[in-house]
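> After the sequence you'll find the predicted model.
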Amino acid sequence: QVQLVESGGGLVQAGGSLRLSCAASGLTFSSYAMGWFRQGPGKERHFVAAISWSSGSGGSTYYQDSVKGRFTISRDNAKNTVYLQMNSLKPEDTAVYYCAAGPGGLSIPEYDYWGQGTQVTVSS
């Protein structure tokens, strides 16, 4: 059974930082692309960042334009974990953040497995 468990969300002031983690189990982690998506209040879920599958460290990374230069996605295959380092946070980054695993891509249908989400709230 595949499980994705996010952690690291919370309340932070604008300009602050948070690091989200997503621990995966029940799948060959290195063979999956990993993505982060977010859903703000009253909004649809949208792509934030993704990292391709990788047999070693690293992988190709992709970002939504609004987070480029502020967010960094990374993976640690030894720990079956993907991270999202979020710097210079803005109130508009407030959302529930979800991690996902799948063949990869920038859209929701391209991911097979989803976590339960973690709340990020940025105060102004």
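Received, thanks.
> what about the strands in the protein?
3-7, 10-13, 18-25, 33-39, 45-51, 61-63, 71-76, 81-86, 95-102, 113-114, 118-123 (DSSP state E).
> now those as JSON lines including mean pLDDT and mean neighbour count?
All C-beta spots, glycine's among them, are computed from the backbone N, C-alpha and C. Putting the strands of the chain into JSON lines (pLDDT from 0 to 100; neighbours: other C-beta atoms under 10 Å) gives the following:
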{"stretch": "strand 3-7", "mean pLDDT": "98", "mean neighbour count": "17"}
{"stretch": "strand 10-13", "mean pLDDT": "98", "mean neighbour count": "13"}
{"stretch": "strand 18-25", "mean pLDDT": "98", "mean neighbour count": "18"}
{"stretch": "strand 33-39", "mean pLDDT": "97", "mean neighbour count": "24"}
{"stretch": "strand 45-51", "mean pLDDT": "97", "mean neighbour count": "21"}
{"stretch": "strand 61-63", "mean pLDDT": "96", "mean neighbour count": "17"}
{"stretch": "strand 71-76", "mean pLDDT": "96", "mean neighbour count": "19"}
{"stretch": "strand 81-86", "mean pLDDT": "98", "mean neighbour count": "23"}
{"stretch": "strand 95-102", "mean pLDDT": "97", "mean neighbour count": "23"}
{"stretch": "strand 113-114", "mean pLDDT": "98", "mean neighbour count": "18"}
{"stretch": "strand 118-123", "mean pLDDT": "98", "mean neighbour count": "17"}
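> List the residues that contact the residue nearest to the spatial centre of the chain.
By C-alpha atoms, centre = their mean, the chain has its centre lying nearest to Trp36, at 2.7 Å. Shown in contact with Trp36 (C-beta atoms under 8 Å, 6 or more residues apart in numbering): 20, 22, 48-50, 73, 82, 84, 97-100.
> how deep is Gly58 tucked in, by neighbour count?
12 (other C-beta atoms under 10 Å).
> Check Gly59 too.
Neighbours of Gly59 (other C-beta under 10 Å): 21.
> my read: it touches Gly35, true?
No - the criterion here is C-beta atoms under 8 Å, and Gly59 misses it with Gly35 at 11.5 Å.
> tell me which residues form a beta bridge with the nearest residue to Cys22 once chain neighbours are set aside?
Spatial nearest neighbour of Cys22, excluding adjacent residues (C-beta to C-beta, 6 or more residues apart in numbering): Cys99 at 3.4 Å. As for beta bridges, Cys99 partners with Trp36 under DSSP bridges.
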